[in-house]
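Peer 1: Give the three-dimensional model of this entry:
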Amino acid sequence: MRKKIIGMIVIGTSLLLASCGSRGEVKRGADGKQVLSGYITLSGAFALYPLAIQWADEFHRLHPDVDIDISAGGAGKGITDVLADQVDIAMVSRELKPQEKEKGALAYAVAKDAVVATINASNPVYRELLKTGLSQKQATAIWEGKTKMNVYTRSDACGAAETWAAFLGKKQEDLKGTGVFGDPGVAETLQKDVNGIGFNNIGYAYNDKTHKPTKGIAIVPIDVNGNGKLDADEKFYDTLDELMDAIAKGKYPAPPARNLYLVTAGRPKNPVVVEFLKYVRTKGQRLNGPAGFVHIYQRSQAIIACDL
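Peer 2: The predicted model follows:
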């Protein structure tokens with residue numbers, strides 16, 4: 001499971017107490033090389049938070065005069081913040097809504113992951129689900145409250161809940177269950193409740209070091225073809241690497257597999273933000289796999305520059 005998120009991490013030297021806009025500049029050093037300075041602020045999805053930290057850390061090593069601060073609070077908060085000019089970039093784990101696009105939100109795909117059904121590893125229902133898998137129909141009944149299990153959903157506006165709801169043909173507000181804030185909160189709650197079932201981004205369902213399911217939590221396999229049994233080609237949940245491979249090959253359904261995005265309010269004008277987005281979508285993609293995410297693409301800086 002990912003580190004417990006306290007609220008904000010700052011990559012660099014200066015703590016930015018309020019962003020309300022950003023600053024940045026690009027100069028040429030004495031050797032003729034590009035020198036970036038300034039700062040960038042990000043907020044949003046718990047799903048992207050661990051990977052964003054790694055991108056920011058490497059970008060800061062490449063450009064020591066650039067400071068980056070990152071906070072996690074859900075995709076909804078990220079969108080709100082970026083459209084209100086409170087941050088430069090939102091981390092978003094769902095597709096943009098029409099009204100968000102109308103307000104100028106622009107999304108750049110940067111990774112792919114998935115939401116999975118998670119259950120207490122000692123839940124008596126789990127052994128049966130290993131044989132039958134969880135069909136879409138069964139999952140719909142569970143999050144309609146038609147079960148004796150303790151059902152958990154998210155209390156914050158987030159991509160994970162919207163993605164899981166989309167898999168069920170619903171919206172986040174339609175999901176029944178006890179609302180818990182954040183991915184870490186859901187995982188910790190399930191670890192304590194032997195009768196609990198919920199859903200998590202894969203980064204919180206698996207241990208990021210062992211790539212095995214988080215201690216005390218089990219992944220509920222999906223009966224993709226709905227035949228009432230878990231077929232051989234539907235068994236890919238033992239490790240994060242197996243599931244990532246299934247996502248990349250399209251074996252895991254979408255949704256709940258989904259793209260993850262960095263979102264700006266219109267085309268970014270801060271040159272440091274532009275360079276960061278270029279980095280994430282090129283060199284930064286090599287960090288996706290080791291961090292438990294599927295890379296989107298490897299594209300040249302020149303091609304990506306046309307998007308920004």
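Peer 1: all contacts plus neighbour counts: C-alpha atoms, from now on.
Peer 2: OK.
Peer 1: In three-state terms, label Glu58 for me.
Peer 2: helix (DSSP: H, G, I helix; E, B strand; the rest coil).
Peer 1: same check, this time on Arg258
Peer 2: Arg258 - assigned by three-state DSSP - is strand.
Peer 1: can you tell me how far it sits from Ser155?
Peer 2: Using Cα to Cα, to the nearest Å, we find Arg258 at a distance of 20 Å from Ser155.
Peer 1: Then Asp81?
Peer 2: Counting by Cα to Cα, the gap from Asp81 to Ser155 is 18 Å.
Peer 1: The two: who's more crowded?
Peer 2: A count of neighbours by other Cα atoms under 10 Å puts Asp81 above the other of Asp81 and Ser155, at 20 against 16.
Peer 1: which stretches of the protein form helices?
Peer 2: In the chain, the helices defined using DSSP state H lie at 49-62, 75-83, 98-102, 126-132, 136-142, 159-167, 182-192, 202-205, 240-248, 271-280, 288-291, 301-305.
Peer 1: Need the contact partners of the fifth one.
Peer 2: For helix 136-142, the surrounding residues in contact (Cα atoms under 8 Å, 6 or more residues apart in numbering) are 147, 151, 167-168, 222-224, 226.
Peer 1: my guess is Lys176 contacts Asn150, does it?
Peer 2: No - using Cα atoms under 8 Å, Lys176 is not in contact with Asn150, being 10.4 Å away.
Peer 1: rewinding a little: filter the contacts of helix 136-142 down to the buried ones and express that as a ChimeraX selection.
Peer 2: Typed into ChimeraX, the line below selects the buried ones among the contacts of helix 136-142, using 16 or more other Cα atoms under 10 Å:
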select :151,167,168,222,223,224
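Peer 1: Could you dump the contacts of helix 136-142 into TSV with distance to Lys97 and pLDDT added?
Peer 2: TSV is the format used below for those (distance: Cα to Cα, whole Å; pLDDT from 0 to 100):
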residue	distance to Lys97	pLDDT
Thr147	31	95
Val151	27	98
Phe167	17	97
Leu168	18	97
Ile222	27	98
Asp223	29	97
Val224	27	95
Gly226	30	94
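Peer 1: closest to Leu240 among the contacts of helix 136-142?
Peer 2: Ile222 (15.2 Å; Cα to Cα).
Peer 1: Could you measure from Ala166 over to Ala257?
Peer 2: Going from Ala166 to Ala257 by Cα to Cα gives 11 Å.
Peer 1: Compare these two (neighbour count), which wins?
Peer 2: Ala257 (24 against 15).
Peer 1: ok, the more buried one - contacts?
Peer 2: Contacts of Ala257 (Cα under 8 Å, 6+ apart): 112-115, 247.
Peer 1: same thing but at 10 Å, please
Peer 2: 112-116, 163-164, 167, 201-202, 244, 246-248, 250-251 (Cα atoms under 10 Å, 6 or more residues apart in numbering).
Peer 1: Out of the residues you listed, flag the one nearest to Leu96.
Peer 2: Thr163 (11.9 Å).
Peer 1: Go ahead and confirm that closest one touches Leu175.
Peer 2: No - with contacts counted by Cα atoms under 10 Å, Thr163 stays clear of Leu175, the gap being 11.4 Å.
Peer 1: Neighbour count for those two, which is higher?
Peer 2: Neighbour totals were compared for Thr163 and Leu175, and Thr163 leads with 26 against 23 (other Cα under 10 Å).
Peer 1: Find the nearest non-adjacent residue to the more buried one, please.
Peer 2: In space, Thr163 comes closest to Pro256 once its chain neighbours are excluded; the distance is 5.6 Å by Cα to Cα, 6 or more residues apart in numbering.
Peer 1: Kind regards, and thank you for your time.
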